[in-house]
Each structure stands twice: as structure tokens, then as C-alpha cells.
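# have a look at this fold, sequence not included:
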């Protein structure tokens, strides 16, 4: 995926835009497992924009690395708006330099889907200093690879929205 | 990169081997920026093996997220054996479930190289419960993409060595 031309181009554009605005990014990734940060750091010179990323695949990692409440995980499940929100807010708080943080938590498949939470459902959060957190969700079509790739691209566009 | 057949095959084999041994993985990534965990989680069913990852691109992230000492960063630099060791040991300590942790810190290029630390130099660490930490380093040829891909594959083989 990291050699996909559309990912590289969009990552480059986002890095340039963040650099121009003096923004530093943190990520909190579940279903993408590190691909958002992995894509951004494919861009030469990204070190002035990318601070850090938290790949929180297990629920315990969401709790310990990002401070996501056990109560949220128990009541809403890991793939939910409240958990996406807590992930981006936790990443922003715990990252040493970041001024913006994006989070993703979803069901990449092929297993794990339910009637109310189908394969392809991904919740997103985006937090920034002195801004209210944005959340959104999507249901992406396709296989595990397609869902993860679409999630990376949507995370990019969500950061772009937050940049205004 | 995530669609490269060799990466997918090696990630699948490693996940299967870890699953059979009851091992859970944490990562601490600098130059790969999340691609090691991103590759591992491309495998369906990887959630029983992948606990979490720390993408520590900035020095401050290495310090705050992994507990890498300021003294090590100042004396040896971020791309060094002592920092790779501190990164894998810090990841193992801070990951809630992991029993093995791998770290990478290197110079992916095209900039950042020096006479003593050329582009392509990557230091690796691997720590496991009740084992001494393993460290090694490589100088990989090629461009930024090639160096990052070779680093992912060497991290896989280092975990494999630690599994015995």
C-alpha cells in the first residue's frame, strides 16, 4: 500500500500543508495498525511534522497507552464514537510535541462484523489544541486491504478538515 | 509496500509462529514509522498476536513514550545501539500484554546521513520476558522506500531469532 501513488501524493500534500502551518501530528491507530503514520513518514522531510503514533491494537493498549476508559470500552465497544474520541484526545494529551491528533478504530474484516457493526465500519476522531474534537464514521466496502487503505485516506482528509 | 507479496507472506508466517507459541508482540518504530506493525496487522487474525506499537519519530517521543534516557540520546544519538536497546526494553515494559518487543531506529534518507552514520544505517533491538536483549545493525542499500522495506523484513527475522 505504501507504494500506491494516491497515498504517496496525498501524504506529501498533507505533510507540506502541516509544515506550512507549523502543525505536528500524532496518531492513534487501531484497525490500520500503523499505516497512517507509516504512510506519512514515507515522505522525505516528514520528521518536522510527525511527532509520534500509538498503535493500540488491544483494548488494554487503548486503556494504558491512551487512557481510554474501561467504562467506554465496556459500554460502547472498541469500535465506537466515544472510543474514537477518547483515542484522539488521549493521543494529543500524551504526545510530547503534537498539536493535532487523529484516531481510527474499526473492523477491517474479514471476521468481527455484526449486524450493528458491519465489516468496514470505522470510527474516526480528530483533536487539536484549542479546538473541539471532530468525530465521524464510515462504512467502507471491500476486503481487509481496501478497508485499511480507505481508512488511511479518510484520516488524511479529516486532518485536512481540521486544518481548515 | 503493504501489498508486496514477500512482506505479506513473511508477516503471515511470523504471526502463525507467534500464535503457536502464545507470544504477543509490541513494536517501537522510528524510521519505519509504523510499517512493522502495519504489515503484521495486514494478516487476518493478527489481533491475538499484536498488542501495540509505539511510533516514536521525534526524540521527545522516544523519551516520553518509551523512557529512553536523555543522556543516551545526547551521548550516542537517536540512531545507535544503546537507543535501540532502550527502545525495545521500554516498549516491552510499557506494553500491557506483549511478551516480546522489537525496535528500529535508522536513517532512511535521502538526507540525514553522515560519515559515521550513513543513509541506510539501522539499529535494531529485540527484548523478551526472561531473555537478554538482542541488538544488531545493518546498512541497507537503496532509496528511502527500499531502506524502510528492508528494515521491516529484518525486524521480522529478528523476532524469529528471538523465538528460537
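Yep, that arrived. These numbers come from a predicted model, not from an experiment.
# ramachandran coordinates for residue A:66?
Phi and psi for residue A:66, reported as degrees, to the nearest 10, are phi -120, psi -10.
# can you give me the distance of it to residue A:47?
Relative to residue A:47, residue A:66 is positioned 23 Å away (Cβ to Cβ, to the nearest Å). (Glycine included, C-beta is placed from N, CA and C.)
# of these two, give the one with the bigger neighbour count.
residue A:66 (23 against 18; other Cβ atoms under 10 Å in any protein chain shown).
# can you tell me the closest non-neighbouring residue to that one?
Spatially, and ignoring its direct neighbours in sequence, residue A:66 is nearest to residue A:90 (3.4 Å; Cβ to Cβ, 6 or more residues apart in numbering or on different chains).
# what pLDDT does the residue nearest the centre of chain A get?
Centroid-nearest residue in chain A: residue A:103, 3.1 Å away (criterion: Cα atoms, centre = their mean). Looking at residue A:103, its pLDDT stands at 98.
# how about the one 4 residues further on?
At residue A:107 the predicted local confidence, pLDDT, stands at 97.
# which residues in chain A form strands?
Assigned by DSSP state E, chain A shows strands spanning A:25-29, A:50-56, A:100-106, A:121-128, A:134-139.
# can you list the strands that the longest one pairs with?
Think strand A:121-128. Neighbouring strands of strand A:121-128 in its sheet, by DSSP bridges, are strand A:100-106 (antiparallel), strand A:134-139 (antiparallel).
# state the distance from residue A:82 to residue A:103.
Separation of residue A:82 from residue A:103 (Cβ to Cβ) stands at 11 Å.
# let me redo that: residue A:48
Remark: distance between residue A:48 and residue A:103 (Cβ to Cβ) = 22 Å.
# got it, and residue A:65?
Distance, residue A:65 to residue A:103, using Cβ to Cβ: 12 Å.
# how about the strands of chain A in CSV, adding distance to residue B:27?
Below are those laid out as CSV (distance: least, Cβ to Cβ, whole Å):
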stretch, distance to residue B:27
strand A:25-29, 12
strand A:50-56, 7
strand A:100-106, 18
strand A:121-128, 22
strand A:134-139, 27
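# nearest to residue A:158, of these?
Of all these, strand A:121-128 sits nearest to residue A:158, with 4.8 Å by Cβ to Cβ.
# any idea how many residues pack against the residue nearest to residue A:66?
By other Cβ under 10 Å, 25 other residues sit near residue A:90.
# that one contacts residue A:63, doesn't it?
No: using Cβ atoms under 8 Å, residue A:90 makes no contact with residue A:63, being 9.5 Å away.
# related to what we said a few turns ago, report the contact partners of the residue nearest to residue A:66.
Contacts for residue A:90 were tallied using Cβ atoms under 8 Å, 6 or more residues apart in numbering or on different chains; they are A:28, A:54, A:65-68.
# against residue A:62, how distant is it?
8 Å.
# which neighbours do the two share?
Common neighbours of residue A:90 and residue A:62 (Cβ under 8 Å, 6+ apart) are residue A:68.
# show me what residue A:106 is bridged to.
residue A:122.
# what sits against it?
Counted by Cβ under 8 Å, 6+ apart, residue A:106 has contacts A:30-31, A:79, A:120-123, A:147, A:151.
# again, only this time at 10 Å
A:30-32, A:78-79, A:84, A:112, A:117, A:119-124, A:137-140, A:147-148, A:150-151, A:154 (Cβ atoms under 10 Å, 6 or more residues apart in numbering or on different chains).
# could you write me a ChimeraX select line covering just the buried ones among those?
Buried residues within these, by 16 or more other Cβ atoms under 10 Å in any protein chain shown, are selected in ChimeraX with:
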select /A:30,31,32,78,79,84,112,117,119,120,121,122,123,124,137,140,147,148,150,151,154
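# still on that earlier bit, and which of the contacts of residue A:90 is nearest to residue B:162?
Nearest member of the contacts of residue A:90 to residue B:162, counting by Cβ to Cβ, is residue A:65, at 22.5 Å.
# just the pLDDT for the closest residue to the closest one other than its chain neighbours.
Leaving aside its sequence neighbours, residue A:65 sits nearest to residue A:54 (Cβ to Cβ, 6+ apart; 4.9 Å). Per-residue confidence (pLDDT) for residue A:54: 98.
# what about residue A:54, how many residues nearby?
Using other Cβ under 10 Å, residue A:54 has 29 neighbouring residues.
# that one bridge partners, please.
Counting by DSSP bridges, residue A:54 is bridged to residue A:28, residue B:54.
# would you agree it is in contact with residue A:28?
Yes: between residue A:54 and residue A:28 there is a contact under Cβ atoms under 10 Å: 4.8 Å.
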